[in-house]
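> Give the three-dimensional model of this entry:
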Amino acid sequence: MYRLPDKCLRNGHKQVIFERYWREDFVGEALTIEIDAQRTLRKMEFYSSDLGIVQWTLGKGLSQPHGWEVQGIDDESKTCRYPCSFLNGAMPTKSANGIIKEVMQYFDLPKLETIIGNAIGTPTSHSVLPLGLH
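Got it, this is the predicted structure:
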């Protein structure tokens, strides 16, 4: 995963973004983490161009995962595929774990993986990113 420069949001929060490219200008997997001024995880979005998107929000936990408009395309066709999320394309809740695993397999940051796992397991706890990770 490649870490992009952090983005400052209008609400004083920051976005920490990790992306893995399949080829130039095509993101295969991504993780976007929103933190507040105290470095508390507020939101996370797990993106897989194969499986879909699932979001996590502090206090609420995981949202309903969403799949792509186009499913079941072979690897060769991905070069001309422009996925878009169904507005009503909710997938079964159990699909969230597959999306998260797909994204997290490319991380080599055990501390961050532990923090994310704890946040997902206990969505009401205030997980804090260590100074070196934000």
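> Surely residue 43 and residue 54 touch.
No - assessed by C-beta atoms under 8 Å, residue 43 is found out of contact with residue 54, at 11.6 Å. Every C-beta, even on glycine, is put in place using the N, C-alpha and C of the backbone.
> Looking at these two, which one has more neighbours?
Using other C-beta atoms under 10 Å, the more surrounded residue of residue 43 and residue 54 is residue 54, with 25 against 16.
> which strands and helices sit next to the longest helix belonging to the chain?
Taking DSSP state H as the criterion, the chain has its longest helix at helix 110-121. Helix 110-121 is packed against strand 41-48, helix 95-104, with contacts defined by 3 or more C-beta pairs under 8 Å, 6 or more residues apart in numbering; DSSP states H and E.
> quick one, which of those is packed in tightest?
strand 41-48 (a mean of 21; mean count of other C-beta atoms under 10 Å).
> next one: the first helix or strand past it going along the chain to chain centre, how far?
Where DSSP states H and E defines the elements, the next helix or strand beyond strand 41-48 is strand 52-57. Strand 52-57 sits 6 Å away from the centroid of its parent chain (C-alpha atoms, centre = their mean, to the nearest Å).
> just checking, what packs against strand 52-57?
Using 3+ C-beta pairs under 8 Å, 6+ apart: strand 52-57 touches strand 41-48, strand 61-62, strand 66-68, helix 95-104.
> could these go into TSV alongside mean pLDDT?
Output for those, formatted as TSV (pLDDT from 0 to 100):
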stretch	mean pLDDT
strand 41-48	95
strand 61-62	94
strand 66-68	81
helix 95-104	92
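> Tell me which of these sits nearest to residue 126.
strand 41-48 (7.8 Å; C-beta to C-beta).
> Output the longest helix of the chain in PDB with nothing but the alpha carbons.
The C-alpha trace of helix 110-121 is given here as PDB (Å, rounded to 0.1, in the frame of the first residue of the first chain):
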ATOM      1  CA  PRO A 110       1.000  -4.500  12.300                       C
ATOM      2  CA  LYS A 111       0.200  -1.700  14.800                       C
ATOM      3  CA  LEU A 112      -2.300  -0.100  12.400                       C
ATOM      4  CA  GLU A 113      -3.800  -3.500  11.600                       C
ATOM      5  CA  THR A 114      -4.300  -4.100  15.400                       C
ATOM      6  CA  ILE A 115      -5.900  -0.700  15.900                       C
ATOM      7  CA  ILE A 116      -8.200  -1.200  12.900                       C
ATOM      8  CA  GLY A 117      -9.200  -4.700  14.100                       C
ATOM      9  CA  ASN A 118     -10.000  -3.400  17.600                       C
ATOM     10  CA  ALA A 119     -12.000  -0.500  16.200                       C
ATOM     11  CA  ILE A 120     -14.100  -2.800  14.000                       C
ATOM     12  CA  GLY A 121     -14.600  -5.200  16.900                       C
END
